[in-house]
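Student: build the 3D model from these lines:
(chains A and B)
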2 protein chains.
Amino acid sequence: MAGQALDARVLRTRHDILRAALDLLTTEGLDAVTHHRLAEVSGYSRATIYKHWPTRSALFVDAFAYRPSGEHHVPTGDLRTDLIAELTMFRRGMERQRLDRALAALAALMTSVPELAQVRDNLVAEGERILLQLLTPVVDGAEREAAMRMLSGSVLHSALMHGELPSDDVIAATVDLMLRGLRSQPAT
Amino acid sequence: MAGQALDARVLRTRHDILRAALDLLTTEGLDAVTHHRLAEVSGYSRATIYKHWPTRSALFVDAFAYRPSGEHHVPTGDLRTDLIAELTMFRRGMERQRLDRALAALAALMTSVPELAQVRDNLVAEGERILLQLLTPVVDGAEREAAMRMLSGSVLHSALMHGELPSDDVIAATVDLMLRGLRSQPAT
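Tutor: Below is the predicted model of the structure:
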């Protein structure tokens, strides 16, 4: 019982600090995520934070492992509707949880924290799960890979390279262009 | 004459330091770009570096303004060939000059250095110039915006979210999917 209570307390501490790290990351940027600033905003001591994460790299690995990859649309069976809804959910994660900033930070950290690769791969696989499920029945091989990256990439590129989220019109145009491309070839 | 010599020396100093900042950024990551480390690798004093750029933010703004956005393909007139070649050039900038790392860092910095927006917009506009030139005769409006972001976004997404550059097959599949989509609609 004592062990369980301790575990629960440790889990709570870790939860609070990782949550604070992600908040700092998406509100103030990568530089703000230091043991010092985290102690200030989370209310835990620097000693506690260092005990759990001796380095910033270790902290980033756990923070991104802890981060949900975003919500998904529940497919209805109409491919166009489902693709538009899923890209709109991707955009909503950027609007509401600043997923764009989290992904930009994650990508930038790969240069110095290569041990984040597995965490990134898990996060991206979960993020792309529904798109993959929707496209698998209609396309495969290099073309499926292209289709996946064109759809996700178009939202990502708008946010990261243009600093703006795609409008409803652009999301619909993206899906329609893709679907016309998929349907205008002989079935494989 | 003395003034011109001085200007040339100042320009050379700035060139060397900005070049060193970009090298640090793409080899060691954002955290490595400090006045201290820059003095070590560039051979200039910290005082000199602080004199030109009192803050890291100022340094980043000039470094990205100084950075070339990558080389371009010279269009031949065959749309498919030209789109594939231009996306391949984008990939080559990532392979050779680690453009992927520079763009990830730039996107991540937007959270804390909003004054980078204009520099980013210029860099992206120059980077997308040839794609825009190629697509403008064949598509417009929301669909052109979608097409632009699907093409660039697919390469960006591969590099930043999957940690791998798209293969020749995937680039060709991307362009073919896009062109079939564009051609299967009534001309506008």
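Student: and A:Ala187, what's its pLDDT?
Tutor: If you check A:Ala187, the pLDDT there is 42.
Student: now the helices for chain A?
Tutor: Assigned by DSSP state H, the helices in chain A fall at A:2-27, A:35-42, A:46-52, A:56-66, A:79-97, A:99-109, A:117-135, A:141-162, A:168-183.
Student: buried ones in the longest one?
Tutor: Looking back up the chat, that one is helix A:2-27. Neighbour counts using 16 or more other Cβ atoms under 10 Å in any protein chain shown place A:13-14, A:17-18, A:20-26 of helix A:2-27 among the buried residues. Every C-beta, even on glycine, is put in place using the N, C-alpha and C of the backbone.
Student: wait, does it contact chain B?
Tutor: Yes: under the criterion of Cβ under 8 Å from any Cβ of the partner chain, chain B is reached by helix A:2-27 at A:25-27.
Student: need those in TSV (columns: pLDDT).
Tutor: Below are the residues of helix A:2-27 next to chain B laid out as TSV (pLDDT from 0 to 100):
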residue	pLDDT
A:Leu25	96
A:Thr26	95
A:Thr27	96
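Student: tally up the residues packed near A:Ala172, please.
Tutor: For A:Ala172, the count of nearby residues is 19 (other Cβ atoms under 10 Å in any protein chain shown).
Student: domain-wise, how is chain A divided?
Tutor: With automatic domain parsing as the criterion, the domains of chain A are listed as A:2-66, A:79-183.
Student: lowest-confidence stretch among these?
Tutor: Among the domains of chain A, domain A:2-66 carries the lowest mean pLDDT, a mean of 93.
Student: out of the residues of helix A:2-27 next to chain B, who's nearest A:Val139?
Tutor: Checking these against A:Val139 by Cβ to Cβ gives A:Thr26 as the nearest, at 33.8 Å.
Student: next, give phi and psi for the most centrally placed residue in chain A.
Tutor: Centroid-nearest residue in chain A: A:Ser69, 4.0 Å away (criterion: Cα atoms, centre = their mean). In terms of degrees, to the nearest 10, the main-chain angles of A:Ser69 are phi -80, psi 0.
Student: my guess is A:Ala147 meets A:Leu177, correct?
Tutor: No: contact status for A:Ala147 versus A:Leu177: not in contact, 10.8 Å apart, counting by Cβ atoms under 8 Å.
Student: want to throw the helices of chain A into TSV with distance to B:Ile171?
Tutor: Shown next, in TSV, are the helices of chain A (distance: least, Cβ to Cβ, whole Å):
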stretch	distance to B:Ile171
helix A:2-27	32
helix A:35-42	42
helix A:46-52	43
helix A:56-66	29
helix A:79-97	22
helix A:99-109	20
helix A:117-135	18
helix A:141-162	8
helix A:168-183	15
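Student: if I look at the closest residue in space to A:Glu164 that isn't next to it in sequence, how far off is A:Thr111?
Tutor: Excluding the flanking residues, the one nearest A:Glu164 by Cβ to Cβ, 6 or more residues apart in numbering or on different chains is A:Ser158, at 5.9 Å. In this view, A:Ser158 and A:Thr111 are 23 Å apart by Cβ to Cβ, to the nearest Å.
Student: so for those two, which sits in the more crowded spot?
Tutor: Each of A:Ser158 and A:Thr111 has its neighbours counted (other Cβ under 10 Å); A:Ser158 has more, 25 against 21.
Student: so who does the more buried one touch?
Tutor: Neighbour list for A:Ser158: A:164-166, A:170, B:149, B:153 [criterion: Cβ atoms under 8 Å, 6 or more residues apart in numbering or on different chains].
Student: give the buried subset of those as a ChimeraX selection command.
Tutor: The command below creates a ChimeraX selection of those among these that count as buried (16+ other Cβ under 10 Å):
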select /A:165,166,170 /B:149,153
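Student: give me the pLDDT value at the residue nearest to A:Asp82 when sequence neighbours are not counted.
Tutor: Spatially, and ignoring its direct neighbours in sequence, A:Asp82 is nearest to A:Pro75 (4.6 Å; Cβ to Cβ, 6+ apart). Predicted confidence (pLDDT) for A:Pro75: 95.
Student: phi, psi of A:Pro75?
Tutor: Torsion angles, degrees, to the nearest 10, at A:Pro75: phi -60, psi 140.
Student: check whether it really touches A:Gln133, as I assumed.
Tutor: Yes: A:Pro75 lies in contact with A:Gln133 (Cβ under 8 Å); the separation is 7.0 Å.
Student: quick one, what contacts the closest residue to A:His15 other than its chain neighbours?
Tutor: Residue nearest to A:His15 in three dimensions, not counting chain neighbours: A:Tyr66, with 7.7 Å by Cβ to Cβ, 6+ apart. Contacts for A:Tyr66 (Cβ under 8 Å, 6+ apart) come out as A:15, A:18-19, A:22.
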